[in-house]
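Engineer: structure for the following, please:
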Amino acid sequence: MPTTMTEEMDRYNTDILGIIDYDGVKSGAVRFKSVPSFVFALDFKVDVPGYGTITVDIAFGGAFYAVVDAKQYGLDVTKSRVTDIQKAAGDTTDALKKQIKLTHPESSDLAFVYGTIMTDGKDMYSEEATSNICIFADRQIDRSPCGSGVTTRAAIMYARGFLNLGQSRQFKCLTGTTFTSKPIRKVQYGPYDNAVIVEVSGHGYYTGTSVYTLEEDDVIGQGFLLN
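Structural biologist: Below you'll find the model as predicted:
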């Protein structure tokens, strides 16, 4: 068994390698195993200007997200205007950045709220897919259920006892895309003794092959930084 944080991470990094199902004709499911995912806070109260006090769960699944039932804002992730959901989620992210201080066991650069995931509130286990919309970074709208987002939701569901190890849950988004998320192993990650490794899968399509070349005297191609 791994005995140090470095050994643990080596084990996780091996897990992260993705797998693509291929039958010799078509590509199928694409699966990967997540980084250690954990809940930072459940039922955190945040004051969001224009919306009042909102209760969110905050967890890490590759990035920190706030996860919240859209009904708290009078919205529906399957029926409301996306611009209304985008504003409410973006305002929530902005408010959280001012009202909570996050920490991460490995990297302080990751210790910030990357986005807010609006859900249909169907967190209890069901064979029916649960819907969500992820608003991340500069209020971009994810066209998919969001890989790190459904990892985050699975970690929260596991922590609440709504999802067991080895149990799969489907997540869908406004484009109709569906991901499957399954906690497969409980791990100790820094102070978090209830962290999990999550397997995420969706459908993949072959699109093409590209070859990139860097010539020896291409200084710009080696990268540069503008301050």
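Engineer: what about the nearest residue in space to Leu42 that is not next to it in sequence, distance to Val68?
Structural biologist: Excluding its sequence neighbours, the residue lying closest to Leu42 (CB to CB, 6 or more residues apart in numbering) is Asp57, at 5.1 Å. (Glycine included, C-beta is placed from N, CA and C.) As judged by CB to CB, to the nearest Å, Asp57 and Val68 stand 7 Å apart.
Engineer: do the same with Val82
Structural biologist: Distance from Val82 to Val68, by CB to CB: 16 Å.
Engineer: now swap in Gln167 and tell me
Structural biologist: For Gln167, the distance to Val68 - CB to CB - is 23 Å.
Engineer: with neighbour numbers in mind, choose between these two.
Structural biologist: Val68 (25 against 15; other CB atoms under 10 Å).
Engineer: who's the more buried one bridged to?
Structural biologist: Met118 (DSSP bridges).
Engineer: quick check: it touching Asp120?
Structural biologist: No. Val68 is beyond contact range of Asp120, at 11.1 Å (criterion: CB atoms under 8 Å).
Engineer: where's Thr92, which helix or strand?
Structural biologist: helix 82-99 (DSSP states H and E).
Engineer: counting by contacts, list what that helix packs against.
Structural biologist: When contacts are defined as 3 or more CB pairs under 8 Å, 6 or more residues apart in numbering; DSSP states H and E, helix 82-99 packs onto strand 38-48, strand 52-60, strand 64-69, strand 113-119, strand 130-136.
Engineer: show me how far stretch 25-45 is from its chain's centre.
Structural biologist: Distance, stretch centre to chain centre, for stretch 25-45: 6 Å (CA atoms, centre = their mean, to the nearest Å).
Engineer: and for stretch 94-107?
Structural biologist: With CA atoms, centre = their mean, you get 16 Å for stretch 94-107.
Engineer: that one: end-to-end distance?
Structural biologist: When the termini of stretch 94-107 are compared using CA to CA, to the nearest Å, they are 21 Å apart.
Engineer: mind listing residues that contact that stretch?
Structural biologist: 5, 9, 40-41, 44, 46-49, 56, 58, 60, 64, 66, 110-113, 116, 189-192 (CB atoms under 8 Å, 6 or more residues apart in numbering).
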